[in-house]
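Q: sharing a model prediction with you, sequence too.
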Amino acid sequence: MTDSNYSQPAGVVTGEGYQTLVAAGKAGGYALPAVNVTTSSTLNAVMEAAALAKSDVIVQLSNGGAQYYAGKGIQDAFQAKVLGAVAAAEHVHLLAEHYGVCVVMHTDHADRKLIPWVEALLDQGERYFEKTGRPLYSSHMLDLSAEDIDFNLSECERLLKRMSKIGMSLEIELGVTGGEEDGVGVDVDSADNSKLYTQPEDVLRAYKLLSPIGHFSVAASFGNVHGVYKPGNVKLRPEILKDSQALVQKEEGTGSNPLNLVFHGGSGSEKSKISEAVSYGVFKMNIDTDTQFAYSKPVGAFVNEHAKAFQYQIDPDDGTPYKKQYDPRAWTRKAEEGIVQRLQEAYTDLGSMGQSIAKS
Ligand SMILES: [Zn+2]
């Protein structure tokens, strides 16, 4: 099942382990889902889904997801965004190996105002590295695509220098992904259309600057959009990814598919465009909207089916106790099963079913 050249111990992968996982996906022609999580319940469901699919997985937290993980009761929102991200990572470092798969810990979009969040997480990551010899997170994302490209790249350079010292990778964004993710993003209808498609020349510039410093990946826009909308607004053009790879290969004299590409806004995408994008070196596809719905839908069905249990502890007419139905584990478990199921579909779409590199 597994090419032994790529095998890694089960658990969180960082540094060379992470780079091996990315290389394995590109060599094997498959990608991994990167799933946004907000609670221990969604997080465990994602690891369970990976174990069932015998595949590896990328877990990511947005700034809002991290804040929610810490709890809405913490008054200082910035502090909660840092603490929640640390708590989620510690949770995964403790549990991942028991699911028998490799797990990548990642943070999602950080725009200009969130650079201090990433820096605070790097403070935590460096401390964790001193204690354990590995970073808390495998990678962070810096999304400065709304800024001038000079500023975007110089900040990426500055942070990657710091991150590569502790074996971390950086995900950057060139070109704008339409829609929004936790307050980061642009409106599809008002965005400058050319910005929705990354320019291969910009990708080449990023490659020249960043590849001598450390490991990085590029979220390139090819008409992809966050969220699920009626089709027709923007056309998916994965050939932009192919053109970027070809330009870097030609100018830098590399092997094929030198770039590690990331597909944002995977929810609701056409299956044929997904496999086309993967063939051009996409190793990670973000999925959030579809797994949110997959988590919530079975809860709706459960509440409808057991409506009285959500109004009475004991049936007012016949005295039936409803503890078994209103116990939060009963309906949260349905939600978790929804994610587990939806991700099996994602693994099939991405070609990564049964492809875990974890040593058994
Ligand atoms: Zn995104």
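A: Looks like it arrived, so ask away. The shown structure was predicted, so the numbers you read here are calculated from the model rather than taken from an experiment.
Q: what lies in contact with the strand or helix carrying L83?
A: Assigned by DSSP states H and E, L83 belongs to helix 77-95. For helix 77-95, the surrounding residues in contact (Cβ atoms under 8 Å, 6 or more residues apart in numbering) are 11-12, 37, 40, 43-44, 47, 59, 61, 63-71, 74, 103, 105, 107, 116-117, 120-121, 124, 136-137. In this view, the C-beta of every residue, glycine as well, is placed from N, C-alpha and C.
Q: give the next helix or strand downstream of that helix.
A: strand 102-107.
Q: list the helices and strands the helix or strand that that next one is followed by packs on?
A: Counting by DSSP H and E, the next helix or strand C-terminal to strand 102-107 is helix 115-132. Secondary-structure packing of helix 115-132 (3 or more Cβ pairs under 8 Å, 6 or more residues apart in numbering; DSSP states H and E): helix 77-95, strand 139-142, helix 149-164.
Q: the ones you listed: which one's closest to G253?
A: helix 149-164 (21.6 Å; Cβ to Cβ).
Q: mean confidence for the helix or strand just after the closest one?
A: Per DSSP H and E, the first helix or strand lying C-terminal to helix 149-164 is strand 169-174. Computed over strand 169-174, the mean pLDDT rounds to 97.
Q: so strand 169-174 versus helix 149-164, what angle?
A: 170 degrees (axes from the mean of the first three to the mean of the last three Cα atoms, to 10 degrees).
Q: thinking again about what came up before, now the helices and strands packed on helix 115-132 as JSON lines including mean pLDDT and distance to the ion?
A: Formatted as JSON lines, the helices and strands packed on helix 115-132 follow (pLDDT from 0 to 100; distance: least, Cβ to the ion, whole Å):
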{"stretch": "helix 77-95", "mean pLDDT": "98", "distance to the ion": "17"}
{"stretch": "strand 139-142", "mean pLDDT": "98", "distance to the ion": "8"}
{"stretch": "helix 149-164", "mean pLDDT": "98", "distance to the ion": "15"}
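Q: switch those over to JSON lines; also include mean neighbour count.
A: Listed next are these as JSON lines, based on neighbours: other Cβ atoms under 10 Å:
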{"stretch": "helix 77-95", "mean neighbour count": "20"}
{"stretch": "strand 139-142", "mean neighbour count": "25"}
{"stretch": "helix 149-164", "mean neighbour count": "18"}
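Q: now the helices for the stretch 201-350 of the chain?
A: Ranges of helices within the stretch 201-350 of the chain are 239-252, 271-279, 289-305, 323-326, 328-350, based on DSSP state H, counting those that start in this stretch.
Q: roughly how far out does the shortest one sit from the chain middle?
A: The gap between where helix 323-326 is centred and where its chain is centred comes out at 34 Å by Cα atoms, centre = their mean, to the nearest Å.
Q: buried set for that helix?
A: For helix 323-326, a neighbour-count test (16 or more other Cβ atoms under 10 Å) marks 325-326 as buried.
Q: may I have that helix as CSV, with CA atoms only?
A: Taking C-alpha atoms only, helix 323-326 is exported to CSV below (Å, rounded to 0.1, in the frame of the first residue of the first chain):
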residue,chain,number,x,y,z
LYS,A,323,-31.7,11.6,28.7
LYS,A,324,-30.4,9.3,26.0
GLN,A,325,-31.4,11.7,23.3
TYR,A,326,-30.5,15.1,24.8
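Q: I'd like the mean pLDDT over that helix, please.
A: 98.
Q: selecting buried members of the contacts of helix 77-95 in PyMOL, what would you type?
A: Buried members of these, defined by 16+ other Cβ under 10 Å, are picked up in PyMOL with:
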select buried, resi 11+12+37+43+44+47+59+61+63+64+65+66+67+68+69+70+103+105+107+117+120+121+124+136+137
